[in-house]
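Enquirer: everything below, folded, please.
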Amino acid sequence: MMGVNGTNGVEVEDGKGGGKVVYGDGSWQLTVFVTDLQVERNLRVRGDLHIGGVMIKLVDSLDIAMDWSDHAIWWPNRNKWLDKTRWTLDQYNVNADTVIHFTPMHKTLRIQLPDLRYVDCTVDFSVKTFNASVVMAKDLGLRHPEELSLCKPLDPEHLRQNYQEVMMRRRPPPPTKEGNTGDRLDTNTFVSHNGTLNSKSPHATLRTPTKGHHSPQGTLNGNGNYSPYSNGHTYVSGRPQTPQGPTLDEMSLAMSPPATPEAKTTLLKPKSLEQRARMNVGWLDSSLSIMEQGVREFDTLCLRYKYYSFYDLNSKYDSNRINQIFEQARWQILNEEVDCTEEEMMLFAALQLQVAMQANVPQPNNDDDEGDDVDEELKKLQMSLEGGTGGGGWGDVTEDPSIADYLQYFKPKRFTLKSYKRLYFVCKNLYLLAYKNADASHSGGDLLFSVHLKGCEVTPAINLTANKFELKLEVPSAEGMTEMYLKFNSDQQYAEWLAACRLAAKGKTLADSSFDAEVNSIKAFLSMQSPASAPAINPNTVEIVAEDYVAPRFARKIKSKLRQKILESHANVKDLNLLEAKMNFIRAWQSLPEYGVSLFVVRFHGEKKDELLGVGSNRVMRMSLQNGDHIKTWRYSTMKAWNVNWETRHMMIQFEDDKNVIFQCLSADCKVIHEFIGGYIFLSMRSKESNQQLNQELFHKLTGGWV
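Expert: The predicted model follows:
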């Protein structure tokens, strides 16, 4: 049906039951909603008008004297920013049926920091999430912002089932990069399909320092209603109507207030490895903007350390960063996201107690240590020129350094008891060599077996109370990982062999300058775990609330003896200052066998049962879903490529031996794993020389979806 209207335009049937007005000169009416003012404007435009021209036309028609420079055009139905201002309306397929929004790019987000406090941050909703979180972390005074990322708060029900199984019950999106639905295939669909949670406002919320984006901040909130927090003409950071906590300038991130009861209710306590894996479902897609992922102004997101690869952690410059990493580690241990032994738990509790006691004590001033930096650099230079001290001042420089001793050895077999054999072992050039005795080793006698240590998994198995010092080696082989155990007769012997095996697993020999430091740090860690005979402070003067210091299973198990055990452990760490206590906590956390491994429930190609994939800073691991045993380890150094088929959601990793590993991720979107691997490879390329400027383009190249 066609008819002529009264404004010299022609009403044309558009095939959808609605009509649009096209004028004789080919122009038409475009509807623009201005979110700040809650007004709608109809502009007469043509398809060849560029987006920049639309904004100029709109601002002229509004005729309000204010700074509109932070505003851009958002297309709600297509879920995207029209950010290429030179593109025309025709290029974007915008027509007379389209309603677009003119809205500020910077909006307020409620961010939960790793220490569980909330802070209102002004964030750019129009740039890629990685770029926005980098700026936010810098505003918060956190160095190396590339280690952090944003994720959605999860509810306990998210841990009860695999995300992809829920998705499979829904109708799949069309197989295109960008469909009319606004769905993209190469993204974490969990985030965009679940909306944002917890938009409620805790009272003790900090404000970020005002950054001077001179833009009105009132806009649509998550329910599509106008937010009353701004009148459209004033810049606000946070909510003027909400009782505010101190600003970040007044309360540094280097010290954390106790977590509020409300913040504690957001904590998840996974009951199994499967539930731990499901916790990785909520990471935002780094290569899409925050707005494109269903997040709206005043929603809550969590800022967390996503990549467990902390570069150049320096107590002089990083008090904020050290505290936030310490807090994230602390809550991980208390929520049982990572396992530890009872002795390790007592050490963690003792270090937390020392942190609490040091919080109100004046701390040494790091500014006095300027000379130390120069001394430290000279020492490093000397060690690198000398090739290290070699763990014992090797007499003959031409000979490769080694360690050798009689050790107890055991290789598990089916249906056999754990019986150890005494053999003479030599660790040299990344190999563990086994001989019947020392004479056989010196005289070139029969070698019983050898183990190539590069690529091994090395796991401590100690019990100081029982004076047991062991380590488990998992050696890569064609059939998977082969286990063997080594038992030592002293802490000194254990520290040397553990250090040697750890270095060899990373492809470093005993000539490496870090050998001595590794031995000393293992010994220091052991001495901190050995409980003292008596507490250093009167038990009656300290209040210890179990849930603040130990994971629930230890609180249940030890109960009445808990306070005494914590105070006995505390005697070993009583002389540490605040930053030393936090740094020792972080190092102890990093020593745990499960540290830094992000888990995913996957189904490998051709397999019928679900398994785990563990993604670490230098490797990916195939693991048992039941008990977390390592089945196979692949190092990034042997990886040639990793690809995702975005339609089938299968991921393929290619390795140097031309073997392809193909799997489907069930507990999260495969984009999340894709980003973890690319992110770790990006972080491994950091160095003192190249690290001055963060290469955001390279990050997106390694982690993005469609090329």
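
Enquirer: now do the buried residues in stretch 481-498.
Expert: 481, 483-488, 491, 493-498 (16 or more other CB atoms under 10 Å). Placement of C-beta: from N, CA and C, glycine included.

Enquirer: which residues of the stretch 501-650 of the chain fall in strands?
Expert: Assigned by DSSP state E, counting those that start in this stretch, the stretch 501-650 of the chain shows strands spanning 598-604, 611-615, 619-623, 630-635, 639-645, 650-655.

Enquirer: which one of these lies closest to Asp400?
Expert: The minimum distance between Asp400 and those falls on strand 630-635, with 22.7 Å, by CB to CB.

Enquirer: tell me the angle that closest one makes with strand 598-604.
Expert: Per axes from the mean of the first three to the mean of the last three CA atoms, to 10 degrees, the angle that strand 630-635 makes with strand 598-604 is 110 degrees.

Enquirer: what is strand 630-635 packed up against?
Expert: Packing partners of strand 630-635 (3 or more CB pairs under 8 Å, 6 or more residues apart in numbering; DSSP states H and E): strand 468-477, strand 480-488, strand 619-623.

Enquirer: who touches the spatially most central residue of the chain in this structure?
Expert: Closest to where the C-alpha atoms of the chain average out (CA atoms, centre = their mean) is Lys306, at 0.3 Å. Lys306 makes contacts with Glu147, Leu148, Ser149, Cys151, Trp283, Phe676, Gly679, as judged by CB atoms under 8 Å, 6 or more residues apart in numbering.

Enquirer: just for the stretch 101-250 of the chain, where's the confidence low?
Expert: Counting by pLDDT under 70, the ranges of the stretch 101-250 of the chain that qualify are 165-185, 192, 195-250.

Enquirer: quick revisit: among the strands of the stretch 501-650 of the chain, single out whichever gets nearest to Trp87.
Expert: With CB to CB as the criterion, Trp87 lies closest to strand 639-645 of those, at 28.2 Å.

Enquirer: by contact count, what packs against that closest one?
Expert: Short answer (3+ CB pairs under 8 Å, 6+ apart): strand 639-645 packs on strand 650-655, helix 670-684.

Enquirer: of all those, which lies closest to Asp67?
Expert: Of these, nearest to Asp67 by CB to CB is helix 670-684, at 35.7 Å.

Enquirer: what comes up buried for that closest one?
Expert: By neighbour count on 16+ other CB under 10 Å, the buried set for helix 670-684 is 670-683.

Enquirer: any idea how far the helix or strand that it is followed by is from the chain center?
Expert: Once helix 670-684 ends, the next helix or strand along the chain (criterion: DSSP states H and E) is helix 696-703. Computed by CA atoms, centre = their mean, to the nearest Å, the chain-centroid distance of helix 696-703 equals 16 Å.

Enquirer: helix, strand or coil for Asp312?
Expert: Following DSSP: H, G, I helix; E, B strand; the rest coil, the label given to Asp312 is coil.

Enquirer: doesn't Ile322 make contact with it?
Expert: No - at 11.8 Å, Asp312 and Ile322 do not qualify as touching, with contact defined as CB atoms under 8 Å.
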